[in-house]
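# pasting a predicted model and its sequence here:
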Amino acid sequence: MSATVKVEVRQIAATASEAQARGHKLVTDRPEAKGGEDRGPMGGEMLLMGLGGCFMSNLLAAVKARAFEVQDLRLVIAGTLGEAPARFTAVTMAVSGRGAAPAELEKLVKIAERGCIVANTLKNTVDLTITVA
């Protein structure tokens, strides 16, 4: 039996849409420079945000399960754009935090990477690099 994750997206303006997942809503739009109204992030930005949110969720769960003392966890995620067709050819994520020894943080990052649905999906599509900063 396989599980399914479902979201709905509907148009709310000429260039904007609203995505809904379990009652949570997020607006997507294009920046004004690209003909939009800048009412929210673009889809590519949301993909990177989705990667970060999924990874952070798994990272925080790993921290909690091991009772490590880690504060101020941060992810900086960058996508390198390729030529036509428009796509990310590489994605980097730098993980930083205070309180954990470098070896502990490295272990937590590996655990989070294994559990992250988005990272596991992207790994076979783009050059995905996750490092401790």
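Perfect, I can see it now.

# the residue nearest to the spatial centre of the chain and Ala119, how far apart?
Per Cα atoms, centre = their mean, the C-alpha nearest to the average position across the chain is that of Leu51, at 1.8 Å. Leu51 sits 6 Å away from Ala119 when distances are taken as Cβ to Cβ, to the nearest Å. (Glycine included, C-beta is placed from N, CA and C.)

# measure Gly36 to Ala13 for me?
9 Å.

# what do these two both touch?
Counting by Cβ atoms under 8 Å, 6 or more residues apart in numbering, the contacts common to Gly36 and Ala13 are Asp29.

# chain center to the longest helix seen in the chain, what's the gap?
Identified as the longest helix of the chain according to DSSP state H is helix 43-66. On the basis of Cα atoms, centre = their mean, to the nearest Å, helix 43-66 sits 6 Å off its chain's mean C-alpha point.

# identify all contacting residues around the helix or strand that contains Ala19.
Here Ala19, judged by DSSP states H and E, is contained in strand 17-21. Residues outside strand 17-21 that contact it (Cβ under 8 Å, 6+ apart): 6-12, 25-29, 46.

# now with 10 Å?
By Cβ atoms under 10 Å, 6 or more residues apart in numbering, the surrounding residues in contact with strand 17-21 are 5-12, 25-29, 39-40, 43, 46.

# show me the contacts for Glu106.
Listed by Cβ under 10 Å, 6+ apart, the contact partners of Glu106 are Val95, Ala100, Thr131, Val132.

# let's see 7 Å
Val132 (Cβ atoms under 7 Å, 6 or more residues apart in numbering).

# one step back: quick check: chain neighbours aside, which residue is closest to the residue nearest to the centre of the chain?
Val118 (4.6 Å; Cβ to Cβ, 6 or more residues apart in numbering).

# how far away is Arg74 from Arg98?
For Arg74, the distance to Arg98 - Cβ to Cβ - is 10 Å.

# what do you get for Glu69?
Distance of Glu69 to Arg98, given as Cβ to Cβ: 9 Å.
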